[in-house]
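Peer 1: Requesting a structural model of the entry that follows:
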Amino acid sequence: MELSSGSTSSFGSNSGVRKLCECGLPAKVFKSKTDKNPNRRFFGCQLYKEGGNAHCKFFRWLDEEVIGWQKRALAEAQSVIKEKTEKIKELNATILELRGDLERQNLEISSINTEDEKISIELGLQKRIDEIETIVYRQRIVIRGLTGLLICVVSAIVFCIVSDV
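Peer 2: Numbers count the residues shown, from 1 in each chain. Okay, the predicted model is just below:
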């Protein structure tokens, strides 16, 4: 990947994270100055400022160098969030279906003569809708919590990377 000409950068330390560029030299950490990636850190050849990128095409975003437990934790959190999101979609579809059933039952209820039968049917359907809506609400809370956890994990990863850099 080529370094963009708009990514003129300042040097950073690279202690703790050893990357070798395609020249075989230790890679340096630069900070992007582009509008698209402001202040985003990346690894590049240490000769980049001296000779452009004609000598070496090495380029890696520092924040994409996540390894070990951090990467597994991110993958697991993303997987759980995806599962919960799918479950919410299913539950919302069920709610819509139950509301349609409620409407059909209301039409049937209008033809029933006793008020007790009407109330019994309405309460049963409304109870089921309330249960599903409660499940959806709880799933959303779980997703919010997992999103917060994901943000904490990402922050910890970035902190570990930046403190090693």
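
Peer 1: Thr147: neighbour count?
Peer 2: As a burial measure, Thr147 scores 13 neighbours (other Cβ atoms under 10 Å). (C-beta placed from N, C-alpha, C; glycine too.)

Peer 1: That one against Val80, yeah?
Peer 2: No. Judged on Cβ atoms under 8 Å, Thr147 makes no contact with Val80 at a distance of 10.3 Å.

Peer 1: in what helix or strand does the residue nearest the centre of the chain lie?
Peer 2: Nearest to the mean C-alpha position of the chain, by Cα atoms, centre = their mean, lies Gln78 at 6.0 Å. Following DSSP states H and E, one finds Gln78 within helix 68-111.

Peer 1: now for the helix or strand following that helix, which elements pack on it?
Peer 2: Next helix or strand after helix 68-111 toward the C-terminus (DSSP H and E): helix 115-164. Using 3 or more Cβ pairs under 8 Å, 6 or more residues apart in numbering; DSSP states H and E, the elements in contact with helix 115-164 are helix 68-111.

Peer 1: And the helix it packs on, what does it pack against?
Peer 2: Using 3+ Cβ pairs under 8 Å, 6+ apart, helix 68-111 is in contact with helix 115-164.

Peer 1: which residues of this protein score low on pLDDT?
Peer 2: Filtered on pLDDT under 70, the chain yields the residue ranges 1-18, 50-55, 65-69, 109, 111-114, 118, 162-165.

Peer 1: Domain parsing of it, as residue ranges.
Peer 2: 17-57, 64-143 (the TED database).

Peer 1: Of those, which stretch is the most buried?
Peer 2: Neighbour counts (mean count of other Cβ atoms under 10 Å) averaged over each of the domains of the chain peak at domain 17-57, with a mean of 16.

Peer 1: Return the distance of it from the chain's centre.
Peer 2: Distance of domain 17-57 from the chain centroid (Cα atoms, centre = their mean, to the nearest Å) equals 27 Å.

Peer 1: Likewise for stretch 131-145?
Peer 2: Chain-centre distance of stretch 131-145: 18 Å, with Cα atoms, centre = their mean.

Peer 1: how much space between the closest residue to Val153 other than its chain neighbours and Leu20?
Peer 2: In this structure, Val153 finds its nearest non-sequential neighbour in Ala73, 4.9 Å apart by Cβ to Cβ, 6 or more residues apart in numbering. Using Cβ to Cβ, to the nearest Å, we find Ala73 at a distance of 27 Å from Leu20.
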